[in-house]
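Engineer: Quick one, fold the following:
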Amino acid sequence: MWRAQPQDRTITSNTTFPLYDETATIDATYNIPSGAFFEVGGGYRRSGRRVTAGVSVSFFDHNGSGGLAGLIPDPLFFDRPAIVNC
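Structural biologist: All right, here's what the predicted structure looks like:
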């Protein structure tokens, strides 16, 4: 069975933590594009003598893009964070 994921999804994450008596900030973003996925299912149930089975497989293949940005405090200079972009 073919199905579709009709919308793009964007996942974001923001975190802060103390470092060198200052606050470090990290922001991450990941975009998942829309696309089709393949799904197979199955199942079996028998009440007498309790026989139960189930199988399911899902597959989605798309490459997304992501980014990472941060402000990392300098260990030697106060209030001069390094800007990091990946």
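
Engineer: And the strands in this structure?
Structural biologist: 2-5, 9-19, 22-32, 35-41, 44-46, 51-53, 56-60, 65-72, 82-85 (DSSP state E).

Engineer: which strands and helices sit next to the second one?
Structural biologist: Looking back up the chat, that one is strand 9-19. The helices and strands touching strand 9-19, judged by 3 or more Cβ pairs under 8 Å, 6 or more residues apart in numbering; DSSP states H and E, are strand 22-32. The way it works is simple: take the backbone N, C-alpha and C, and place the C-beta from them, glycine included.

Engineer: a markdown table please, covering the strands of the chain and showing mean pLDDT and mean neighbour count.
Structural biologist: Shown next, in a markdown table, are the strands of the chain (pLDDT from 0 to 100; neighbours: other Cβ atoms under 10 Å):
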| stretch | mean pLDDT | mean neighbour count |
| --- | --- | --- |
| strand 2-5 | 58 | 10 |
| strand 9-19 | 92 | 10 |
| strand 22-32 | 92 | 15 |
| strand 35-41 | 71 | 12 |
| strand 44-46 | 79 | 9 |
| strand 51-53 | 81 | 9 |
| strand 56-60 | 74 | 10 |
| strand 65-72 | 92 | 13 |
| strand 82-85 | 91 | 10 |
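
Engineer: Tell me how far residue 14 lies from residue 56.
Structural biologist: 35 Å (Cβ to Cβ, to the nearest Å).

Engineer: Equivalent analysis for residue 71, please.
Structural biologist: From residue 71 to residue 56 the distance is 44 Å (Cβ to Cβ).

Engineer: got it, and residue 72?
Structural biologist: 43 Å.

Engineer: and if you look at residue 73?
Structural biologist: With Cβ to Cβ as the criterion, residue 73 and residue 56 are 48 Å apart.

Engineer: Next, the contact list for residue 24, please.
Structural biologist: 16, 17, 18, 70, 71, 72, 73, 81 (Cβ atoms under 8 Å, 6 or more residues apart in numbering).

Engineer: Is the second one bridged to anything, and to what?
Structural biologist: So the one you mean is residue 17. residue 24 (DSSP bridges).

Engineer: wait, doesn't it sit right on residue 23?
Structural biologist: Yes - using Cβ atoms under 8 Å, residue 17 is in contact with residue 23, at 7.3 Å.
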